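[1] Structural data only, the sequence is not supplied:
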């Protein structure tokens, strides 16, 4: 939604609309649509945490150092060091390898929780008459990096995958999900915490970043920060507003809100939601750094100064067109507070 180049139109919420060919048109006439595939409710977070933790132990990223660690945009290039590599998994490229892992996890999880179909409801896993499976029923050329997404108690609630190359439309990140497969389930789009909620001081600034791995990198360099990540600038505004109610917030989304209308719109939407809830802009600020780098993690890696500006200062820095977009959104959502 945030990529406007080539879009058919921009909707009233600022999202870019594209028209794509329907992939089902090429399928046999008796092919069942996704809506007809039986799905499972999402498993308790305790089960998901155990399964994903064991998945990372059984198939760590260190098994694939060339593709996931030392390769282009691998963990080393992202600014992480050897002490962090064990936090990440490597999803095997071969479906037979993934099925073997699924069978091991099914046995371990069933023994632990005394439930025969214990992988049901864990996003990324699914079942058919041949047994349990992990991810899609096909082989790939390269493994995927598995990035754990943790809740406010440190439990792994979902996993993202990072491809070693950019897919169509430049996408690299996908959820480990099985919502389109039998007895599978979707991951949702949860927040990722780099601190435990119980350890959050009352007067601490919560830093909101865009991207799970970005939060990990920033936290590794600046461990004193209280960081929470949303998968993208369009997601989780309601959850973020609830989490940060009554608290100090520093928004550290990528710097393309100065050049991308859609990003500017959604950043303004979240600011407006905060304003409507808090009835003040004094507790909301915007992180700022040299525009030569896009993300705050890159700024931290390069040891560039990272400062904080007020919302009104941010509005003043926008181009006239972008300022109008942001002000209109603030009035739409937060009036008469704004």
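    Alright, I've got the coordinates. Everything numeric in this text was worked out from a predicted model, so none of it was measured. Numbers count the residues shown, from 1 in each chain.

[2] need the contact list for residue 87.
    By Cβ atoms under 8 Å, 6 or more residues apart in numbering, the residues touching residue 87 are 56, 148, 216. Bear in mind the C-beta positions are built from the backbone N, C-alpha and C, glycine included.

[3] So the closest residue to the first one other than its chain neighbours versus residue 49, what's the distance?
    Here the nearest residue to residue 56 in space, its sequence neighbours aside, is residue 89; by Cβ to Cβ, 6 or more residues apart in numbering that works out to 3.7 Å. Distance, residue 89 to residue 49, by Cβ to Cβ, to the nearest Å: 14 Å.

[4] Which one's more surrounded, the two?
    Set residue 89 next to residue 49 and count neighbours by other Cβ atoms under 10 Å: residue 89 wins out with 30 against 20.

[5] Under the pLDDT cut-off, which ranges of the stretch 1-150 of the chain? List them.
    Residues of the stretch 1-150 of the chain meeting the criterion pLDDT under 70: 1-35.

[6] Please repeat the previous calculation with a cut-off of 80.
    The stretch 1-150 of the chain contains residues with pLDDT under 80 at 1-36, 115-117.

[7] Likewise for the stretch 201-338 of the chain?
    Ranges of the stretch 201-338 of the chain meeting pLDDT under 80: 335-338.

[8] Tell me how far the residue nearest to residue 56 lies from residue 60.
    When residue 89 is compared with residue 60 (using Cβ to Cβ), they lie 6 Å apart.

[9] Pull up the overlap in contacts between the two.
    By Cβ under 8 Å, 6+ apart, no residue touches both residue 89 and residue 60.

[10] hang on, the earlier thing: of the contacts of residue 87, closest to residue 239?
    Distances from residue 239 to the contacts of residue 87, taken as Cβ to Cβ, are shortest for residue 148 (18.3 Å).

[11] picking up where we left off before, out of the contacts of residue 87, which are inside helices?
    Using DSSP state H, the members of the contacts of residue 87 that fall within helices are 56, 216.

[12] which residues in the stretch 51-200 of the chain form strands?
    For the stretch 51-200 of the chain, the strands defined by DSSP state E, counting those that start in this stretch occupy 89-91, 125-128, 131-134, 144-150, 156-162, 173-175, 192-193.

[13] do the stretch 201-338 of the chain as well
    Under DSSP E, counting those that start in this stretch, the stretch 201-338 of the chain gives strands at 205-210, 226-230, 248-252, 284-288, 307-310.

[14] Between these, which one is closest to residue 190.
    strand 226-230 (9.1 Å).

[15] For residue 316, list the residues it contacts.
    Counting by Cβ under 8 Å, 6+ apart, residue 316 touches residue 323.

[16] swap that for residue 310, please
    Per Cβ under 8 Å, 6+ apart, neighbours of residue 310: 281, 285, 286.

[17] Using CSV, lay out those together with distance to residue 120.
    Supplementary listing: these in CSV, determined by distance: Cβ to Cβ, whole Å:
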residue, distance to residue 120
281, 46
285, 44
286, 43
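
[18] Export the strands of the stretch 51-200 of the chain as TSV, with columns for distance to residue 206.
    TSV is the format used below for the strands of the stretch 51-200 of the chain (distance: least, Cβ to Cβ, whole Å):
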stretch	distance to residue 206
strand 89-91	28
strand 125-128	33
strand 131-134	34
strand 144-150	15
strand 156-162	19
strand 173-175	23
strand 192-193	10
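
[19] Let me know which of the ones you listed is the nearest to residue 211.
    Across the strands of the stretch 51-200 of the chain, residue 211 has its closest neighbour in strand 173-175 (7.7 Å, Cβ to Cβ).

[20] Show residues contacting the closest one.
    By Cβ under 8 Å, 6+ apart, the residues outside strand 173-175 that reach it are 123, 144, 158-163, 186-187, 189, 211-213, 231.

[21] and those residues, which are buried?
    Among those, those buried by neighbour count (16 or more other Cβ atoms under 10 Å) are 123, 144, 158-163, 187, 189, 211-213, 231.

[22] For the stretch 51-200 of the chain, which segments count as helices?
    82-85, 95-113 (DSSP state H, counting those that start in this stretch).

[23] Buried residues in the longest one, which are they?
    This points to helix 95-113. 95, 98, 99, 101, 102, 105, 106, 108, 109.
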